[in-house]
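Novice: Output the structure for:
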Amino acid sequence: MLVVRRPSAAAAVLFLSIAWSALPTAGCDQVTVHTATNPGTSFEHYRTFSYGPPEDPARGYVISAWSAAVRGRVQPLITAALDQKGYASASGTGDLVIRFGSGRRVVHVEEAEPPEGDQSLLGMPDPEYDVVARSLVIDAFDATNGVRVWHGSSRAEIDPHRINEALLQTSVRELLASFPAAEAHAP
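Specialist: Numbering: from 1, shown residues only. A predicted model of the protein is given here:
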């Protein structure tokens, strides 16, 4: 059973030492990535990982009909990335428990007025449109005490009618780029 403990206020403030980056991907897709490592955690004793139950979507996002299919595609990507970082998949509960989830939301966008002096759009109606945004969240918990030791989330505009494999691969790769590598241990 995974027990999640809330960090103290001081630890929560330290935990939120956040790295943000906007990463262009194929076409006009763009992924925004946020990761944070719990500064009170040493990764030196973590060697294995296992998966916990799915996480709920990020606040403001909902599970969609695509969520189960996305989960099926994302888990092998996470496994491959963690393998490359030196972690081994455990047959039971690993040193780290990985939980992840995805969701989507519709965002209504109103175009801003053109900058003062820009005559190029005069007489054109202000376009308004809806976009569908996707969120992918990956968390790592210490299996012995349930403390979240690493958090990553990504957001991207998506095509609501298909799963973009390249975007999922980019999201997972960029999310786990900051995940600490397993330390090599002598036998």
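
Novice: Now for Gly60, how many residues are close by?
Specialist: Here the number of neighbours of Gly60 (other CB atoms under 10 Å) works out to 10. To be clear about C-beta, it is placed using only N, CA and C from the backbone, and glycine gets the same treatment.

Novice: gap between it and Ala156?
Specialist: Separation of Gly60 from Ala156 (CB to CB, to the nearest Å): 15 Å.

Novice: what does Leu176 give?
Specialist: Going from Leu176 to Ala156 by CB to CB gives 16 Å.

Novice: Check Leu167 too.
Specialist: With distances defined as CB to CB, the gap from Leu167 to Ala156 amounts to 6 Å.

Novice: show me where the chain has strands.
Specialist: Taking DSSP state E to define them, one finds strands in the chain at 19-24, 30-37, 48-51, 88-89, 96-110, 128-142, 148-158.

Novice: Low-confidence stretches in this protein?
Specialist: Scanning the chain for pLDDT under 70 picks out the ranges 1-29, 61-62, 65-66, 105, 107-133, 158-160, 184-187.

Novice: same thing but at 90, please
Specialist: Low-confidence segments of the chain (pLDDT under 90): 1-34, 53-74, 100-137, 153-168, 170-171, 183-187.

Novice: Who are the packing partners of the longest helix seen in it?
Specialist: Ranked by residue count and defined by DSSP state H, the top helix of the chain is helix 67-84. Using 3 or more CB pairs under 8 Å, 6 or more residues apart in numbering; DSSP states H and E, the elements in contact with helix 67-84 are strand 88-89, strand 96-110, strand 128-142, helix 165-176.

Novice: Apply 10 Å and report the result again.
Specialist: strand 48-51, strand 88-89, strand 96-110, strand 128-142, helix 165-176 (3 or more CB pairs under 10 Å, 6 or more residues apart in numbering; DSSP states H and E).

Novice: Take the ones you listed and lay them out in TSV including mean neighbour count and distance to Ala36.
Specialist: Below are the helices and strands packed on helix 67-84 laid out as TSV (neighbours: other CB atoms under 10 Å; distance: least, CB to CB, whole Å):
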stretch	mean neighbour count	distance to Ala36
strand 48-51	18	18
strand 88-89	13	24
strand 96-110	18	15
strand 128-142	19	10
helix 165-176	20	11
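
Novice: could I get these as CSV with distance to Thr32?
Specialist: Conversion of these to CSV gives the following (distance: least, CB to CB, whole Å):
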stretch, distance to Thr32
strand 48-51, 25
strand 88-89, 29
strand 96-110, 13
strand 128-142, 10
helix 165-176, 10
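
Novice: follow-up on the earlier one: which among the strands of the chain is found nearest to Val172?
Specialist: Taking CB to CB, strand 128-142 is the member of the strands of the chain nearest to Val172, at 7.5 Å.
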